[in-house]
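Asker: Provided below are the primary sequence and the corresponding predicted coordinates.
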Amino acid sequence: MIFDDVLAMRGRLLDTLAVTYPDMLIIFDNQEAVTPPVDAVWCRFSVKPNTQQIASIGQTKRYNQTGIATLQIIVPEQMGDAIGYDVLDAWNASIRDWRSDDSSLYVYQTSTQPFTPTIDDPAYKINHLSFYRSVRS
């Protein structure tokens, strides 16, 4: 049930960004370790399930599940921020008000959080949060 949500969100991301940015590295939670490029934009994608609440009773119980999917876009130093916002715009247009193919999951809110580079970490980062809700058995 929970992993169905993770797969739906990952699938949407790949359907969106793999078409527009086919060479961009996308790192998922707990995958095999990779070294991110220092001269190209890359992303980290994480789906974090949150609360579960019973939605129905009877033979086949259904549960409301909420969660947050975070796309972190990392733009290396000296590349400016425009490409990061292009990636953000593509993802946001794809995920805002989106429903999964089986209509069990939908995104009801999105939020963007840009982070200013620091001396210790000169890459420009943009976090995009997708708040979702699903109802599954």
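Answerer: Great, that's in hand.

Asker: Beyond the longest helix anywhere in the chain, next helix or strand please.
Answerer: Criterion DSSP state H: the longest helix present in the chain is helix 2-20. Next along the chain after helix 2-20, taking DSSP states H and E as the criterion, comes strand 25-28.

Asker: residue boundaries of the strands in the protein?
Answerer: Along the chain, the segments classed as strands by DSSP state E run 25-28, 42-54, 63-75, 105-115, 124-136.

Asker: who does the first one pair up with?
Answerer: In the sheet containing strand 25-28, the strands it pairs with under DSSP bridges are strand 42-54 (parallel).

Asker: The strand it pairs with versus strand 63-75: what angle between them?
Answerer: When axes from the mean of the first three to the mean of the last three C-alpha atoms, to 10 degrees is applied, the directions of strand 42-54 and strand 63-75 differ by 170 degrees.

Asker: Quick check: residue 119 vs residue 77, distance?
Answerer: 11 Å (C-beta to C-beta, to the nearest Å). Backbone N, C-alpha and C define where each C-beta goes, glycine included.

Asker: my bad, should have said residue 96
Answerer: From residue 96 to residue 77 the distance is 30 Å (C-beta to C-beta).

Asker: One more: residue 27?
Answerer: For residue 27, the distance to residue 77 equals 19 Å [C-beta to C-beta].

Asker: higher neighbour count, these two?
Answerer: Shown here are residue 27 and residue 77; by other C-beta atoms under 10 Å, residue 27 has more neighbours (16 against 12).

Asker: give me the low-pLDDT residue ranges for this structure?
Answerer: Applying pLDDT under 70 to the chain flags no residue at all.

Asker: Need phi/psi at residue 116.
Answerer: Dihedral pair for residue 116: phi -70, psi 140, per degrees, to the nearest 10.

Asker: Name the nearest residue to it, sequence neighbours excluded.
Answerer: Leaving aside its sequence neighbours, residue 116 sits nearest to residue 124 (C-beta to C-beta, 6 or more residues apart in numbering; 7.7 Å).
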